[in-house]
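K.L.:
coordinates for the following, if possible.
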Amino acid sequence: MIAVVAKNYVKAEKIEEFLQIAKDLVNATNKLDEGCISYELYKDPKEANVYTILEQWESYQALESHTKAKHFTDCIPKLGELMEKPGETKIYEKLV
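P.N.:
Modelled structure (predicted):
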């Protein structure tokens with residue numbers, strides 16, 4: 001299993017717009033992407049503008065397919081415009 005942690009730093013005045021686009025991405029990914037175990041949006045309780053998508057994929061191939069899916073390629077540039085600084089994405093392989 002592959003896990004992805006995608007941390008986003010959203011401009012304070014763009015949070016509502018970010019949430020709408022991110023929720024659409026989450027819903028589409030969970031519905032359409034084969035090999036997606038889970039894809040969820042979380043809010044940092046201590047930092048009002050930090051939102052993280054936690055993802056679980058069956059394989060690297062499933063993750064790669066997701067990054068080429070229309071719903072992903074349409075949303076990512078829009079989300080990028082709403083950031084106050086670049087996000088952080090980490091990919092992990094499950095061991096146990």
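K.L.:
show me where this structure has strands.
P.N.:
Taking DSSP state E as the test, the strands found in the chain are 2-10, 36-43, 50-57, 83-93.
K.L.:
partners of the first one in the sheet?
P.N.:
Yep, that's strand 2-10 we're talking about. strand 50-57 (antiparallel), strand 83-93 (antiparallel) (DSSP bridges).
K.L.:
orientation of that strand relative to strand 36-43 in degrees?
P.N.:
Angle, strand 2-10 to strand 36-43, by axes from the mean of the first three to the mean of the last three CA atoms, to 10 degrees: 30 degrees.
K.L.:
centre of the chain to strand 2-10, how far?
P.N.:
6 Å (CA atoms, centre = their mean, to the nearest Å).
K.L.:
what comes up buried for it?
P.N.:
2-4, 6-10 (16 or more other CB atoms under 10 Å). For the C-beta atoms, the positions are set from N, CA and C on the backbone; glycine is no exception.
K.L.:
hmm, back to that, out of the strands paired with strand 2-10, which is closest to residue 75?
P.N.:
Smallest distance to residue 75 across those (CB to CB): 10.9 Å, for strand 50-57.
K.L.:
hey, which helix is longest across the chain?
P.N.:
helix 15-32 (DSSP state H).
K.L.:
centre of the chain versus that helix, how much separation?
P.N.:
Taking mean C-alpha positions (CA atoms, centre = their mean), helix 15-32 and its chain are 8 Å apart.
K.L.:
the residue nearest the centre of the chain bridge partners, please.
P.N.:
With distances taken as CA atoms, centre = their mean, residue 53 lies nearest the centre of the chain, 4.0 Å away. Taking DSSP bridges as the rule, residue 53 bridges to residue 6, residue 41.
K.L.:
isn't it up against residue 6?
P.N.:
Yes - under the contact definition of CB atoms under 8 Å, residue 53 touches residue 6, with a separation of 4.4 Å.
K.L.:
done for today, thanks.
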